[in-house]
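S.K.: What follows is a predicted structure for the sequence shown.
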Amino acid sequence: MKAELPLHAPGTQLDKGYIGQSVPRPNAQRLLQGRGTFIDDLRFPRLAHVAFFRSPYAHARIKKLVFDKAIKSPGVLAVFDGPKVAEYCKPWVAVLAHLKGIKSPAQYPIAIGRACWQGEAVAAVVAESRSQAEDAVALIEADWYELPVVVDMEAALRGDYVIHEEFTDNVCFKREHDTGGVDEAFAQADAVVEDTFHFGRHTGVCLEGRAILADYNAAEHSLTVYHATQAPHMMQDIFSRHLGIPEANVRVIAKDVGGSFGIKVHVYADEMATAAISVIMRRPVKFVADRLESFLSDIHCREHRVKVRVAVKKTGEILAFDLDDLTAIGPYSVYPRTSGIEGNQVVNLTGGPYKHQKYRAKMNVVFTNKNVTCQYRAVGHPIAVALTEGIVDLAAQKIGMDPAQFRKINLIADDAYPYTFPSGIKFEKLSHHQTFDKLMQVMQYDKLREEQKELRGKGIYRGIGLAAMIEVTNPSPAFYGVGGARISAQDGATLRFEPTGMVTVMCSVTEQGQGTEAIFAQIAASAVGVTLEKIKVITGDTGVTPYGGGTWASRGAGIGGEAVLQAGRALRSNILEIASRILSLDKSELDILNNEVVSKLTLESKLPLAELGRVAYFRPDTLPLDFQSELTVTRHYTPRQYGFTFTNGIQGSLVEVDPDTGFVKLLKHWCVEDSGTVINPMLVDEQIRGGVVQGIGAALYEECIYGPDGQLLNGNMADYLVPMSGEMPDIICAHVETPTKQSDLGAKGVGEAGTAGAPGAIMNAVNDALLPLNARVTAMPFTPERILKALKKV
Amino acid sequence: MEHAVETTLTVNGTRVTRRIAPRVHLVDFLRDELGLTGSHIGCEQGVCGACTVRVNGEIVRGCLMLAVQADGCSVETIEGLSDSGEMKRLQEAFHLHNAFQCGFCTPAMLMAAQELVKQKKRFSREEIRVHMSGNYCRCTGYQAIVDAIESVIGK
Amino acid sequence: MKAPSFAYAKPRSIEEAFPLLERPGARILAGGQSLIASLNMRLSAPELLVDIGGLSKLRDISQQPGGLRIGALVTHAEIERSLDVKFHVPLLAAAAPHIAHPAIRNRGTLGGSLALADPAAEYPACALALNATLILQSRKAERRVSAATFFKGLFETDIRPGEILVGAEFPKVERSVFLELTRRHGDYAIVGLAGVADASGKRIAFFSVDSRPVLAKTAAAARSLEDGLLGLKKDLSPAADLYNTSATKLHLAGVLLSRAWNTLSKPH
């Protein structure tokens, strides 16, 4: 069902403009010529560089830091410890009121007295070049007193050793949920299956390292921060409050950002320290995390051990899910979103696509002496989807039913909406059966099963895996705002009509490569009536755009896009007001098409927009005395009716497992997604594919491996394996469109869908391949070692 | 004991002479000294490929070559190959097929892909994937990149 | 990370190189694909890099009776492309495409790989399987060392102070096979096999199984694959790595042996 998009003033017969078209991104050519501007490309007079002295120990008291040699090293301007930087920057505690009972110690920009993870910064060297700063870091002398290290999550939960003296345990956050009737449901079941899944801790590995350039102007007590961040306004508020600089005196500018996926939406101690150092030294200071320190200090994610049980009838009906999730974070909850959200999402989303009514969940988030963790693309979904879909496959197997058929029986009906799910989340309108049917058709499921059977006879082991999913998008203030976080769930767009007939769009949602600026151009052009090349988009500058939330939780198209749409319509209306005065015609007789004011009835051109611009800006003396042109319009949008706008989708994976080597070959992957109105199918598809590949990374390759003493053992690009082109399959994307009624645009989010479903689909495919060999794997990533072990070959 | 070494190289057709500290790698030199910031740094370990530039007509990892080693060499970066027009078809194909997102890996992807285009032979998707597997991209699924290259090679 | 400071010299001839190498903390810089990476990570801190890239005499590939002599500065890309190598030493031509990626192969050298002796490297195993001769030059003399004695331990070779590896001679053999298991193209091998065979029998070298390449003598002498696999258990006791236990490494070595067996056993 294609969305009905009344983009134009009521009564017109014009088409949807650029909405739904796969236009190549306008205004992105600079990236093809190496002429973009990433933070590390910026040059400033007197720019100083920061390098950090990082703890080699996972947990140790800092007895003494000696800077004598470091400070004399060539090019060094200053060396700072924690207490010094704390004089200029207040610490933070990452807790939110709606995560009941969540606790965390305070975190300082540079650690004071104690380092709690290997890689935590305990001193900063400022020098004229990064090389010189690193030379000096090597000259810092430190005396340490090693403390017990907590690495294992079960040990952390037991509390054998409590990391923080102010607490009596290592529990950051725990949550329990019980609909009631769960034990009864299990008693009534014909079959009960249970399993324990492990998810490997991994990390974002954005190609551009975290980057920040802070420029404090002492004369004006103002701070400009060039920051590779997804949320400039959030950072503006944080720099203001923690550095004691009035809000409007802080300007945060995100230039081109080299990938983020959530990594660059959090507050990092070393980045806050950099900003504080600029204030202390009264000159611009830059910090770019190199790859080695990225592995040690960019947020990690997804370290979970989950036990799950499902009760089913022999007809295939799921009666109940029972969940016990344990997840290990670092020694601090990360600011300001907290490190409790990922686990919270696992509780919210387990069982998501299905119509069972009974659900019980228990979840614990524990501190460890490993790197801090927080939200990374699809937050919690990859785990919830994988464990749900994994146990569902096991249940289907137990009762002897095909896994596709089992899902079909249990998917929430397409006409069941609005619907409240057992975890309390509310669905506006999903299309599980449509997406399921489409996937079966696109992947030719039955044919694949036949092929699989035939090849098994020849000793070739192929596996087919499915993963149905729901996804959180377009969040309302229910996500963070209600908990007290100064994270905006609304966004705004200002559209300014230029004298030559171009339109500048300034929007508070940001761009990290997903094509935000492209879709805003498409929406604006369509809403105003100009052609695409007339649009210029500016994002990522708190000094220029309206106030807003930025990019996260797949909200850019749905929220920012709606603000652009409303602003575009309002601008069109204002332009026609002027046109009616110039032409002495009724506004209702006019419209805008292809850069011209036209007759709504005949489409005959009446006035080029460039001419209207000339008159409005330079010859207002020719307009009626009481008339004022308003050619700059701002509109905001907040999703209000639903806490989150859920989307749905389903993925399929086809793999071949080599039983001799344990290697998995990815033959093909499919994703059918319903994200409401699709503004640019080409952009959406490669977003999905990028997300799927990240999910493939989680399923087969990526894991941050820590030793028993809390040392990260594989923190470099040769030892931490990211997906490269040689091993990736072609990924086929298809769409169903169920627009949300909460906005005129009808767009839901889609940026994280690929990552949410891929690990589950691949796990199910691998286990499907291993089925005849009586082997099963449940610990990601599925390395050859783990598969060979399951096959009992080693 | 470090002595700046007088080095002369040609960069994008322009002769450049500088005294360079031996420890500076080629990409840092191009970026910091010459302001050619189109070549990027992703790992400084030679694995991610973001620093790929051309030296004497062949692609190399700019982070694994000392700037002083480029003495007497001809270096070409993404800026040079853009301005000369050599990459025009490939860049257009990348644009049309949406083969880039954040753009950080893109200059290097183009440098590596151009090696295939230069050979004027048809390559299979599999061969393209293998050739490009030294260049890390986190944003795309690599598929659009393969599509873009496929549309240009052998023609 | 940025490399620490060091001095740099580029000799114009091998005679100029020797005195430079006698300086304290002097190291040879050839392709730099391993050395510069380790410098960038501050894993080593030489005081002087002696860039031998200008010694053009080390760039030759020349036919010899019974084989090929390849200069130390010949790059992996040149080996990959060379018709001489393809014809005379196909084992090397088969190994070269597995080394990292094209951009690395354009700079990395044969000599660099042999002299570094990374346990996961391809060429040392090829040299061992072929029983190649490594040619070392010092101020005083040329010294020829067989591959069998050249690789001594983890990153340890028989190169003596004052010596430069200038090339290697590879004999032509009847049959050869090169296999490597990696999870991604261009990765360091989990396990690798370089094997050759002729009338006198088989020589099978495994790499990434120990601190240096290992000749699986019992396996190579076996009459059947079954016996070969049993023999392999005597020949290899691989250490575990970050992702694979020793049992897995041994198992995978067995899989490679199985895959190589027919090619090596083909009657002539």
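M.R.: Perfect, thanks for sending it. Numbers count the residues shown, from 1 in each chain, chains lettered A, B, ... in the order given.

S.K.: Distance from the chain centre to the top helix by length along chain A, please.
M.R.: Longest helix in chain A, counting residues (DSSP state H): helix A:561-583. When C-alpha coordinates are averaged (Cα atoms, centre = their mean, to the nearest Å), helix A:561-583 and its chain have centres 33 Å apart.

S.K.: Pull out the buried residues from that helix.
M.R.: Neighbour counts over helix A:561-583 (16 or more other Cβ atoms under 10 Å in any protein chain shown) mark A:561-572, A:574-583 as buried. Heads up, the C-betas are built off the backbone N, CA and C, glycines and all.

S.K.: now stretch B:14-24
M.R.: B:16, B:18, B:20, B:21, B:22, B:23, B:24.

S.K.: and the two most separated of the residues you listed?
M.R.: B:16 and B:23 (18.6 Å; Cβ to Cβ).

S.K.: Go through stretch A:578-597 and flag the buried ones.
M.R.: Here stretch A:578-597 shows A:578-583, A:585, A:587, A:589-593, A:595-597 as buried, counting by 16+ other Cβ under 10 Å.

S.K.: avg pLDDT for that stretch?
M.R.: Taken as a whole, stretch A:578-597 has a mean pLDDT of 96.

S.K.: Now tell me what touches it from outside.
M.R.: Stretch A:578-597 is contacted by residues A:8-9, A:11-12, A:14, A:501, A:528-531, A:534, A:572, A:575-577, A:598-601, A:603, A:605-610, A:612, A:615-616, A:622-624, A:627, A:629, A:631 when judged by Cβ atoms under 8 Å, 6 or more residues apart in numbering or on different chains.

S.K.: let's see it at 6 Å
M.R.: Contact partners of stretch A:578-597, identified using Cβ atoms under 6 Å, 6 or more residues apart in numbering or on different chains, comprise A:12, A:501, A:529-531, A:572, A:576, A:598, A:600, A:605-609, A:612, A:615-616, A:623-624, A:627, A:629.

S.K.: Kindly check the end-to-end length of it for me.
M.R.: Using Cα to Cα, to the nearest Å, the end-to-end distance of stretch A:578-597 comes out at 10 Å.

S.K.: Strands along the stretch 201-350 of chain A, start to end?
M.R.: A:202-203, A:211-217, A:222-227, A:250-253, A:285-288, A:300-301, A:304-312, A:318-328 (DSSP state E, counting those that start in this stretch).

S.K.: most packed of the ones you listed?
M.R.: strand A:300-301 (a mean of 28; mean count of other Cβ atoms under 10 Å in any protein chain shown).

S.K.: tell me what it is packed against?
M.R.: On a contact count with 3 or more Cβ pairs under 6 Å, 6 or more residues apart in numbering or on different chains; DSSP states H and E, strand A:300-301 meets no helix or strand.

S.K.: Go ahead and name everything in contact with that strand.
M.R.: A:201, A:203, A:371, A:373, A:376, A:704.

S.K.: let's see it at 7 Å
M.R.: A:201, A:202, A:203, A:342, A:371, A:373, A:374, A:376, A:704 (Cβ atoms under 7 Å, 6 or more residues apart in numbering or on different chains).

S.K.: I would like a ChimeraX command selecting only the buried ones among those residues, please.
M.R.: Per 16+ other Cβ under 10 Å, the buried members of the contacts of strand A:300-301 correspond to this ChimeraX selection:
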select /A:201,202,203,342,371,373,374,376,704
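
S.K.: What is the nearest of the contacts of strand A:300-301 to residue A:59?
M.R.: residue A:371 (12.6 Å).

S.K.: quick one, what contacts that closest one?
M.R.: Residue A:371 touches A:117, A:119, A:296, A:297, A:300, A:330, counting by Cβ under 7 Å, 6+ apart.

S.K.: In helices, which of the residues you listed fall?
M.R.: A:296, A:297.

S.K.: Check the contacts of residue A:371 against residue A:544 and report the nearest one.
M.R.: residue A:297 (30.6 Å).

S.K.: Quick one, grab the pLDDT at the closest one.
M.R.: pLDDT, read off for residue A:297, is 98.

S.K.: That one: how many residues sit nearby?
M.R.: Residue A:297 has 26 neighbouring residues, counting by other Cβ atoms under 10 Å in any protein chain shown.

S.K.: Tell me if the longest helix along chain C is near chain A.
M.R.: Ordering each helix of chain C by length in residues (DSSP H) puts helix C:246-265 first. Yes - interface with chain A: helix C:246-265 contributes C:247, C:248, C:251, C:252, C:255 (Cβ under 7 Å from any Cβ of the partner chain).

S.K.: Can you tell me what sits against stretch A:768-785?
M.R.: Applying Cβ under 7 Å, 6+ apart, the set of residues contacting stretch A:768-785 is A:195-200, A:390, A:456, A:461-465, A:655-657, A:659, A:661-664, A:698-703, A:759, A:763, A:766-767, A:786-787, A:790-791, C:243-245, C:248.

S.K.: buried stuff in that stretch?
M.R.: A:768-770, A:773, A:775-785.

S.K.: Helices - which of these land there?
M.R.: Short answer: the buried residues of stretch A:768-785 in helices (DSSP H) are A:768, A:769, A:770, A:784, A:785.

S.K.: Inside strands: which ones of the contacts of stretch A:768-785?
M.R.: Applying DSSP state E to these, the entries found in strands are A:195-199, A:461-465, A:655-657, A:664.

S.K.: And the buried ones among those residues, selectable in ChimeraX?
M.R.: A single ChimeraX command selects the buried members of the ones in strands among the contacts of stretch A:768-785 (16+ other Cβ under 10 Å):
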select /A:195,197,199,461,462,463,464,465,655,656,657,664
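
S.K.: could the ones in strands among the contacts of stretch A:768-785 be laid out in a markdown table, adding pLDDT?
M.R.: Below are the ones in strands among the contacts of stretch A:768-785 laid out as a markdown table (pLDDT from 0 to 100):
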| residue | pLDDT |
| --- | --- |
| A:195 | 98 |
| A:196 | 98 |
| A:197 | 98 |
| A:198 | 98 |
| A:199 | 98 |
| A:461 | 98 |
| A:462 | 98 |
| A:463 | 98 |
| A:464 | 98 |
| A:465 | 98 |
| A:655 | 98 |
| A:656 | 98 |
| A:657 | 98 |
| A:664 | 98 |
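
S.K.: Tell me the one among the ones in strands among the contacts of stretch A:768-785 nearest to chain C.
M.R.: Of all the ones in strands among the contacts of stretch A:768-785, residue A:664 has the smallest distance to chain C: 9.2 Å, by Cβ to the nearest Cβ.

S.K.: for residue C:184, what are its contacts?
M.R.: Counted by Cβ under 7 Å, 6+ apart, residue C:184 has contacts A:721, A:724, A:726, A:727, B:133.
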